[in-house]
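[1] Could you look at this predicted model? Sequence included:
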Amino acid sequence: MVTLYQFPPAYGLSSVSPFCTKVELFLRLAGIPHEVKSGDVRQSPTGKLPTARVGGELVADSGMIIEACKARLDVDMDGGLDPKQRALGHLMRRTCEENLYWVLVYSRWLDEEGWKHQRPVLVGMLPPVIGPLLTGYLRSGARKSMHGHGLARHKQETVYQIGLADLESLVVLLPDEGFVFGAEPSTTDAVVGAFLWHILATPTDNALSRAARASGPAVAYMRRVLERAGWTEQAAALPLD
């Protein structure tokens, strides 16, 4: 049994964090018995979530958790992939985790239209009384992180153009049926699915979310992934433009 510690749900998603969703989606697609509990960053070795207890050891970092599950539970959805598929999967995952993620964060934290939705979510996660007072501080920290990354140095239109380039490239690689590499899901489906779900379900109105909801292939793919994971209600609730 794997115990996953993560941030709470929001926006109809399994967690407010796409990295937490990524791990839970992997566990579901791989058929690994697990339980999900609310996490505490103060108890994480890295100060971040998700963490997971795998084989009695607490593992931090979403990618490390997945690798620990593969190694210790002898479960590998990628075992049948050839070298080219493994390389393509790696590049698709990195596109989501290292670039598209920051556009998603920008859309929630810095875009005023997204912040009006994100702020109440934060207030619900923070201690009462002081929670509303902390949101501005946390938003300032997010702005500083994204400025250091480089994304927040651009105009908002440019930020979404960067995200659209990633989204459009990913959509081109999505199959008409099944999953990225065939009839069975792989780790790539857990990652791409997690980030695509967050873009689709977060109730923001921007160029990235509109493009995702207007993409028939993206929505159809996401529904297949969620249904395979046992999230049929969430699949049916996916928004469309």
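    That came in fine, so what should we check first?
[2] can you give me the helices in the protein?
    According to DSSP state H, the chain carries its helices in the segments 18-30, 62-73, 83-95, 101-109, 112-125, 131-149, 156-172, 187-201, 207-214, 216-228, 232-236.
[3] Out of those helices, which gets nearest to Thr46?
    helix 62-73 (9.3 Å; Cβ to Cβ). C-beta coordinates here come from the backbone N, C-alpha and C atoms, glycine included.
[4] Run the chain-centre distance for the closest one.
    Counting by Cα atoms, centre = their mean, to the nearest Å, helix 62-73 is centred 17 Å from the centre of its parent chain.
[5] Which positions within that helix qualify as buried?
    62, 65-66, 68-70, 73 (16 or more other Cβ atoms under 10 Å).
[6] what's near enough to touch Glu97?
    Shown in contact with Glu97 (Cβ atoms under 8 Å, 6 or more residues apart in numbering): 19, 191, 195.
[7] now do Thr51
    4-5, 39, 43-45, 58-60, 65.
[8] What subset of those is buried?
    Judged by 16+ other Cβ under 10 Å, buried ones among the contacts of Thr51: 4-5, 39, 44, 59-60, 65.
[9] The closest residue to Gly55 other than its chain neighbours and Val191, how far apart?
    Closest residue to Gly55 apart from its sequence neighbours, by Cβ to Cβ, 6 or more residues apart in numbering: Arg72 at 4.3 Å. Arg72 sits at a distance of 20 Å from Val191 (criterion: Cβ to Cβ, to the nearest Å).
[10] isn't the residue nearest to Gly55 right next to Ala52, touching?
    No: using Cβ atoms under 8 Å as the test, Arg72 is too far from Ala52 to be in contact (11.0 Å).
[11] which residues do those two both contact?
    Between them, Arg72 and Ala52 share no contacting residue, judged by Cβ under 8 Å, 6+ apart.
[12] Next, count neighbours for Gly124.
    12 (other Cβ atoms under 10 Å).
[13] who's in contact with it?
    8, 131.
[14] Now do it, the pLDDT please.
    Taken from the predicted model, the pLDDT recorded for Gly124 is 94.
[15] Next: Gly193.
    98.
[16] Can you report how many residues neighbour the spatially closest residue to it that is not a sequence neighbour?
    Among residues not flanking Gly193 along the chain, Val225 sits closest, at 4.0 Å (Cβ to Cβ, 6+ apart). Neighbours of Val225 under the rule other Cβ under 10 Å: 23.
[17] wait, what's in contact with Val225?
    25, 29, 179, 185, 189, 193, 197.
[18] for Leu167, same thing?
    Per Cβ under 8 Å, 6+ apart, neighbours of Leu167: 100, 199, 208, 211-212, 215, 218.
[19] With respect to Ile130, which of those is nearest?
    Among those, and counting by Cβ to Cβ, the member closest to Ile130 is Ile199, at 31.1 Å.
[20] Would you write a ChimeraX line that selects the buried entries of the contacts of Leu167?
    To isolate the buried subset of the contacts of Leu167 in ChimeraX, counting by 16+ other Cβ under 10 Å, use the following:
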select :100,199,208,211,212,215,218
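[21] So of the contacts of Leu167, which two are at opposite extremes in space?
    It's Leu100 and Ser215 that sit farthest apart of those, by Cβ to Cβ, at 14.1 Å.
[22] just to revisit the earlier point, export the buried residues of helix 62-73 to TSV and tack on pLDDT and distance to Leu126?
    Converted to TSV, these look like this (pLDDT from 0 to 100; distance: Cβ to Cβ, whole Å):
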residue	pLDDT	distance to Leu126
Ser62	98	23
Ile65	98	25
Ile66	98	29
Ala68	97	30
Cys69	97	31
Lys70	95	35
Leu73	94	35
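[23] Cool, thanks, signing off.
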